[in-house]
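Asker: here is a sequence with its predicted model. Questions after.
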Amino acid sequence: MDDLEKAIVISFESGAVDSALQSQAVNYCQQIKETPSICSICIEKLWFSKLVQVQFWCLQTLQDVLRAKYGSLSLDEQSYVRKSVFSMACLEVIDNENAVRVVEGPSFVKNKLAQVLVTLIYFEYPLIWSSVFVDFMQHLSKGAVVIDMFCRVLNALDDELISLDYPRTPEEVSVAARVKDAMRQQCVPQIARAWYDIVSLYRNSDPDLSATVLDCMRRFVSWIDIGLVANDVFAPLLFESILSDGLSDQVRGAAAGCVLAMASKRMDPQSKLPLLQTLEISRVFGLVSEDVDSELVSKVSALLTGYAVEVLECHKRLNSEETKAVSMDLLNEVLPSVFFVMRNCEVDSTFSIVQFLSSYVSTLKGLPALKEKQLIHITQILEVIRIQICYDPMYRNNLNSLDKIGLEEEDRMSEFRKDLFVLLRAVSRVAPEVTQHFIRNSLANAVESSSESNVEEVEAALSLLYSLGETMTEEAIKTGSGCLSELIPMLLTRQFPGHSHRLVALVYLENITRYMKFIQENPQYIPNVLVAFLDERGLHHQNVHVSRRACYLFMRVVKLLKSKLVPFIDKILQNLQDTLSQLTTMNSASREFSGTEDGSHIFEAIGLIIGLEDVPAEKQSEYLSLLLPPLCQQIEDGLVQAKGASPEDFPVKIANIQFAIVAINALSKGFSERLVTASRPGIGLMFKQTLDVLLRILIEFPKVEPLRNKVTSFIHRMVDTLGSSVFPYLPKALEQLLADSEPKEMVGFLVLLNQLICKFNSSLRDILEEVYPVVAGRIFNVIPRDGLPSRPGAVTEEMRELIELQRTLYTFLHVIATHDLSSVFLTPKSSAYLEPMMQLLLNTCCNHKDITVRKACVQIFIKLIKDWCAKPYSEEKVPGFQNFMIEAFAPNCCLYSVLDKSFEFNDANTHALFGEIITAQKVMYENFGNAFLMHLMSKSFPSAHCPQDLAEQYCQRLQGNDIRGLKSYYQSLIENLRLQQNGSHVFR
């Protein structure tokens with residue numbers, strides 16, 4: 001080995017070589033690459049070096065040099081490289097007994113040699129090297145080695161230049177077109193003939209070579225003349241090869257790939273249909289029933305599905321009845337085999353089962369009536385859907401325990417099933433009776449199956465039934481349209497195997513919930529529904545995922561049935577005793593679920609039943625006494641335990657208290673305000689006592705945010721439930737909630753105040769007069785009078801909380817103003833916050849990016865004018881307010897902010913804001929009179945360079961009663977001023 005060969009070998013080594021030495025070797029190789037005679041060096045090494053690393057490096061270097069510097073090589077160098085590389089590829093012997101045959105080396109070297117040749121073709125064919133393909137074919141008689149190399153060159157040509165499977169530059173697209181055009185004119189017929197001769201000669205003696213040639217041919221079918229291969233000579237050879245048991249699966253599969261390429265060739269449908277007819281695809285139908293895991297069956301399956309796609313596409317694009325009938329016959333012929341493939345074989349990744357079947361079903365929609373064969377196809381489609389949606393039994397245990405693997409598989413299948421269920425609904429609309437009969441039979445088979453090992457099939461049948469409900473109207477479900485009158489009773493009265501498995505149990509309960517409208521109309525099935533939910537299939541299921549979900553679904557069932565469940569209350573409560581006990585005594589460590597899956601909905605379900613007025617008063621008190629005191633006791637015990645808990649146990653104790661609050665809150669949802677305050681005040685008293693207990697939480701743990709949020713939520717609930725009788729509790733509750741509250745907590749507090757104001761209006765005045773100064777003091781201490789940025793970009797979490805607080809503050813001020821409580825702003829304790837409030841509102845009216853917020857702030861000012869400046873007043877109720885409105889609000893909000901080009905009149909929200917601004921000006925004129933007009937005429941309009949006559953016309957319209965005319969005129973005035981001054985106004 002010389003130095004270059006040593007350096008190449010070292011540079012290719014991995015692991016065992018010293019990194020410094022390897023780096024030195026790489027640098028040396030790079031230096032050699034830069035020498036002017038590099039092409040000669042590489043050719044020399046390729047002829048005489050037996051080291052495959054050296055051969056590969058030299059070929060790679062040649063390719064790099066040709067790509068980067070072809071234009072700068074001399075004609076002699078180009079010719080030398082061309083002749084040398086071609087000689088190597090074609091086994092042309094040089095006059096030296098030590099010469100190496102590169103084409104007899106490993107595949108990666110031969111592939112690289114092919115790429116070098118393709119690089120030359122890229123630059124030289126057909127203008128410089130026009131005979132490359134013809135010359136190459138003259139050497140094919142040398143046997144398998146040269147034939148293999150020829151195929152590698154054609155394959156590399158496809159990979160590197162022609163195939164559209166890879167992104168191409170415009171230059172590459174242009175060169176590919178040039179090469180293909182020249183090949184079509186010059187040599188493609190000869191190449192096709194060579195393919196035929198080679199396959200005929202070698203398919204028995206050298207199956208690998210035959211398969212290579214066929215695979216090469218498959219690549220070229222898409223752009224060569226289809227008549228060269230789809231003819232009465234080549235096509236029979238391909239089908240003979242596919243059907244010949246004596247040939248290797250590799251050759252048979254490659255032949256199938258060629259036929260698929262022929263069927264898939266892009267052509268107009270009028271030409272395509274005769275081609276598809278001549279392919280006689282029915283000859284290969286029987287092959288798919290052989291060993292479904294074999295490579296051959298996989299290839300034939302791809303052929304059948306691809307052929308079916310092309311026939312269907314033809315059918316959709318053809319217009320004449322005759323050609324449509326021919327294409328439909330071809331489709332009917334191939335579909336049974338396609339359905340077999342879908343049910344039993346691994347489908348080619350390029351074929352979408354759902355897409356094809358959806359397209360076929362869409363075709364059936366356009367037919368006046370379905371024929372018997374098409375109805376059979378519909379049943380087969382449904383069977384394909386059923387098989388496809390079945391879970392893999394290998395994940396059965398994972399899905400039952402819902403471990404990490406089970407969760408991933410469930411998520412994957414949930415996504416995978418979406419399109420299949422869309423297809424099911426499409427099929428149901430085309431053939432509703434066939435679909436319902438199929439689902440009925442699937443359910444019947446599931447019920448009759450005595451084996452627990454059939455979990456996946458039972459789940460699939462129930463999932464089909466559930467999805468069917470999405471295609472049916474509420475009326476159809478109510479009346480039990482079609483087979484539903486048979487399906488739903490079967491669901492409720494028969495025992496399904498596999499119920500102990502989470503998947504089956506969940507979809508079973510979801511089905512009952514989906515078809516509750518039928519049960520509402522057929523109350524004789526209510527006992528069946530209750531038994532299903534209350535026994536081991538639902539709330540008492542051994543799998544906690546099922547029992548928790550059952551709590552939520554049972555609540556939905558109760559919401560629908562309500563008074564129809566009154567006769568069953570005792571039975572329900574009796575069956576729920578152990579569930580309730582478990583929920584109220586379990587440690588938080590056992591609570592793995594949150595939201596809809598924490599079990600708390602069972603309390604809402606109970607509340608909805610026992611809160612009905614149909615329940616006798618004494619019974620209602622008795623039921624509630626069984627539920628509220630244990631929950632309150634859980635809270636009181638939890639408070640005591642949390643005080644003495646270690647840091648590790650503290651979250652557990654807090655979570656237990658939280659759950660009890662959520663349960664009480666859920667329970668109260670079933671009781672109306674009228675019932676607990678008017679007809680049965682004793683019930684109201686029980687909830688008031690509960691409220692007493694919960695308010696203690698704010699005293700004991702004022703800074704524990706989860707508890708604070710849950711108590712606030714309960715107060716919201718009690719406002720709706722207890723009505724005005726909650727008043728005595730509000731001062732204490734609000735005082736505790738307000739104590740040391742952070743901005744995030746203040747948001748929840750303001751939302752509660754908004755609810756109270758909307759519920760009790762001016763009755764809340766006294767409480768609000770005490771609370772507002774504290775609220776304003778806190779908020780204006782953290783929010784500047786010119787406001788916060790209204791469009792947060794890369795802001796901190798703290799800034800987001802402040803922006804949310806500011807937004808809630810606007811709503812709070814709007815609610816106060818629009819509920820006749822604006823006097824709260826004027827109390828001695830609140831007066832210090834009036835000026836910052838006005839400045840904040842003014843800035844927001846003019847600048848806030850959210851138009852709806854700006855509109856709300858304008859509405860606040862309108863209400864304040866009406867409240868504080870209504871005639872007759874001998875003196876100002878709020879000193880300085882009128883001047884502020886005339887000198888600050890009127891010009892800045894009503895003129896300058898509207899002149900800004902960001903004020904888009906075409907936007908619906910902006911147009912509504914503009915209407916409020918017009919209303920504000922009208923209200924100012926009505927309450928401020930000439931003082932307002934004089935300021936407009938003397939200062940506001942002149943500062944905007946508004947012509948005197950236009951300003952006077954506006955003032956005249958302002959004094960009239962035509963609001964719509966005023967709005968239209970003011971908009972045209974603003975638009976004229978924008979044009980006149982190019983919208984250059986800034987906020988004053």
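Answerer: Perfect, I can see it now.

Asker: what about stretch 492-502, start to end distance?
Answerer: 18 Å (C-alpha to C-alpha, to the nearest Å).

Asker: all helices of the stretch 1-150 of the chain, in order?
Answerer: Under the criterion DSSP state H, counting those that start in this stretch, helices of the stretch 1-150 of the chain are mapped to 3-12, 19-33, 38-48, 52-69, 75-89, 107-124, 132-137, 144-157.

Asker: who touches the third one?
Answerer: Looking back up the chat, that one is helix 38-48. Residues from elsewhere that reach helix 38-48, judged by C-beta atoms under 8 Å, 6 or more residues apart in numbering: 4-5, 32, 35, 54-55, 58-59, 61-62, 65, 73, 77, 80-81, 84-85, 88, 94, 96, 98-100, 102. Where C-beta positions appear, they are placed from N, C-alpha and C, glycine not excepted.

Asker: try the second one
Answerer: Counting by C-beta under 8 Å, 6+ apart, the neighbours of helix 19-33 from elsewhere in the structure are 3-4, 6-8, 10-11, 13, 38, 41, 57, 61, 64-65.

Asker: Throw those residues into CSV and include pLDDT, neighbour count and distance to Ser822, thanks.
Answerer: Listed next are these as CSV, based on pLDDT from 0 to 100; neighbours: other C-beta atoms under 10 Å; distance: C-beta to C-beta, whole Å:
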residue, pLDDT, neighbour count, distance to Ser822
Asp3, 84, 10, 95
Leu4, 88, 19, 93
Lys6, 88, 14, 93
Ala7, 90, 24, 89
Ile8, 88, 25, 89
Ile10, 86, 19, 88
Ser11, 87, 20, 84
Glu13, 84, 13, 85
Ile38, 91, 18, 89
Ile41, 92, 16, 93
Trp57, 94, 25, 87
Thr61, 94, 20, 86
Asp64, 94, 14, 81
Val65, 94, 20, 85
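
Asker: hang on, the earlier thing: export the helices of the stretch 1-150 of the chain to a markdown table and tack on distance to His945?
Answerer: Formatted as a markdown table, those follow (distance: least, C-beta to C-beta, whole Å):
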| stretch | distance to His945 |
| --- | --- |
| helix 3-12 | 77 |
| helix 19-33 | 72 |
| helix 38-48 | 76 |
| helix 52-69 | 65 |
| helix 75-89 | 75 |
| helix 107-124 | 68 |
| helix 132-137 | 78 |
| helix 144-157 | 73 |
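
Asker: for the ones you listed, which one sits closest to Pro706?
Answerer: Between Pro706 and these, the shortest gap by C-beta to C-beta is with helix 19-33, which sits at 55.8 Å.

Asker: just how off-centre is that closest one within its chain?
Answerer: Put simply, helix 19-33 sits 50 Å off its chain's centre (C-alpha atoms, centre = their mean, to the nearest Å).

Asker: what angle sits between that helix and helix 38-48?
Answerer: Counting by axes from the mean of the first three to the mean of the last three C-alpha atoms, to 10 degrees, helix 19-33 lies at 110 degrees to helix 38-48.

Asker: give me the element the residue positioned nearest the centre of the chain is part of.
Answerer: Taking C-alpha atoms, centre = their mean, the centroid of the chain lies closest to Glu415, which sits 9.5 Å from it. Using DSSP states H and E, the element containing Glu415 is helix 404-430.

Asker: which strands or helices does that helix pack on?
Answerer: In terms of contacts (3 or more C-beta pairs under 8 Å, 6 or more residues apart in numbering; DSSP states H and E), helix 404-430 is packed against helix 353-365, helix 372-389, helix 396-401, helix 432-448, helix 455-468.

Asker: among these, which is nearest Leu335?
Answerer: So among these, helix 372-389 is nearest, using C-beta to C-beta, at 5.6 Å.

Asker: what's the angle from that closest one to helix 432-448?
Answerer: Orientation check (the same axes, to 10 degrees): helix 372-389 against helix 432-448 gives 40 degrees.

Asker: could you tell me the average pLDDT over helix 372-389, please?
Answerer: For helix 372-389, the mean pLDDT works out to 93.

Asker: got the contact list for Tyr307?
Answerer: Tyr307 neighbours (C-beta under 8 Å, 6+ apart): Leu260, Ala263, Leu276, Leu279, Ile281, Val334.

Asker: mind checking which helix or strand the third one is in?
Answerer: With elements taken from DSSP H and E, the one containing Leu276 is helix 269-278.

Asker: and if you look at the second one?
Answerer: For Ala263, the enclosing helix or strand under DSSP H and E is helix 249-264.

Asker: who touches that helix?
Answerer: 203, 207-208, 210-211, 214-215, 217-219, 221-222, 226, 229-230, 235, 238-239, 241-244, 275-276, 279, 281, 284, 294-296, 298-300, 302-303, 306-307, 309-310.

Asker: equivalent analysis for stretch 335-349, please.
Answerer: Taking C-beta under 8 Å, 6+ apart as the rule, stretch 335-349 contacts 285, 288-289, 292-293, 297-298, 301-302, 304-306, 308, 353, 356, 360, 377, 380-381, 383-384, 387-388.
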